[in-house]
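S.K.: here is my input, please return the structure:
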Amino acid sequence: MKNLFLAIIGATLMLNPAVSHSGEQNIRGERIKQKLVERLQLTDEQATRLVELRRQIREKKRVEYRKIKAIRKQIKAELAKENPDKAQLDSFAGELGEIHEFVTRNYLQHLIEVKAVLTTEQFEKILKWKWVGKRRRYKHGRKHNREKDGAL
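M.R.: You can find the predicted model right below:
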């Protein structure tokens with residue numbers, strides 16, 4: 001019965017592209033939302049606004065990361081040549097730097113918008129969590145992805 005219920009909800013979410021691109025992403029988003037509601041004692045209005053802000057920043061990042069992927073393909077193609085053009089590679093490096101700067105500025109703006117939604121106490125709790133401003137790069141596997149110290 002539980003599996004049937006989850007299957008129906010999953011199918012409904014996957015059929016509605018405005019909600020999510022896949023049921024799995026939406027389920028993860030709901031888990032994050034639930035954790036935030038519990039840990040920060042969010043109101044319904046705050047939770048709804050934070051979900052919307054998260055969706056907006058993800059959309060912006062998705063566009064920029066596609067650009068990064070395209071530039072990296074160009075870099076690989078240039079490096080595959082017999083004599084790669086250093087000026088062209090420098091140009092690609094500059095483009096990547098501009099995109100990373102843009103992504104970082106968007107992320108900081110996002111945090112300012114999140115701060116405007118939350119109370120001072122709620123935002124102070126978020127600042128104490130490890131995930132703000134830090135990314136776990138190149139650490140894969142179960143032992144690196146456990147929740148520790150209130151991190152999401």
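S.K.: okay, CA-based contacts and neighbour counts for the rest of this
M.R.: Noted.
S.K.: give the next helix or strand downstream of the top helix by length along the chain.
M.R.: Longest helix of the chain, by residue count under DSSP state H: helix 44-80. Using DSSP states H and E, the helix or strand that follows helix 44-80 in sequence is helix 86-117.
S.K.: any idea of the pLDDT on Glu30?
M.R.: Confidence at Glu30, expressed as pLDDT, is 76.
S.K.: swap in Gly10?
M.R.: pLDDT at Gly10 comes out at 52.
S.K.: before we move on, the earlier item: what packs against the longest helix of the chain?
M.R.: helix 23-40, helix 86-117 (3 or more C-alpha pairs under 8 Å, 6 or more residues apart in numbering; DSSP states H and E).
S.K.: quickly, which of these bottoms out on average pLDDT?
M.R.: Lowest mean pLDDT within the helices and strands packed on helix 44-80: helix 23-40, at a mean of 73.
S.K.: ok, back up a step: with distance to Val51 and mean neighbour count added, can I get the helices and strands packed on helix 44-80 in TSV?
M.R.: Below are these laid out as TSV (distance: least, C-alpha to C-alpha, whole Å; neighbours: other C-alpha atoms under 10 Å):
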stretch	distance to Val51	mean neighbour count
helix 23-40	7	15
helix 86-117	10	14
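S.K.: compare those helices and give me the one nearest Glu59.
M.R.: Glu59 sits nearest to helix 86-117 of all the helices and strands packed on helix 44-80, at 11.2 Å, using C-alpha to C-alpha.
S.K.: next SSE downstream of that closest one?
M.R.: Criterion used, DSSP H and E; the element after helix 86-117 is helix 120-128.
S.K.: tell me the buried residues in that following helix?
M.R.: By 16 or more other C-alpha atoms under 10 Å, the buried positions in helix 120-128 come out as Gln122, Phe123, Ile126.
S.K.: returning to what we had before: and the longest helix of the chain, average pLDDT?
M.R.: 91.
S.K.: excluding residues flanking it in the chain, which one is nearest Lys115?
M.R.: Phe123 (6.0 Å; C-alpha to C-alpha, 6 or more residues apart in numbering).
S.K.: look up how far Val114 lies from the one you found.
M.R.: 8 Å (C-alpha to C-alpha, to the nearest Å).
S.K.: and if you look at Lys81?
M.R.: Taken as C-alpha to C-alpha, the span from Lys81 to Val114 is 46 Å.
S.K.: same check, this time on Gln74
M.R.: Distance from Gln74 to Val114, by C-alpha to C-alpha: 36 Å.
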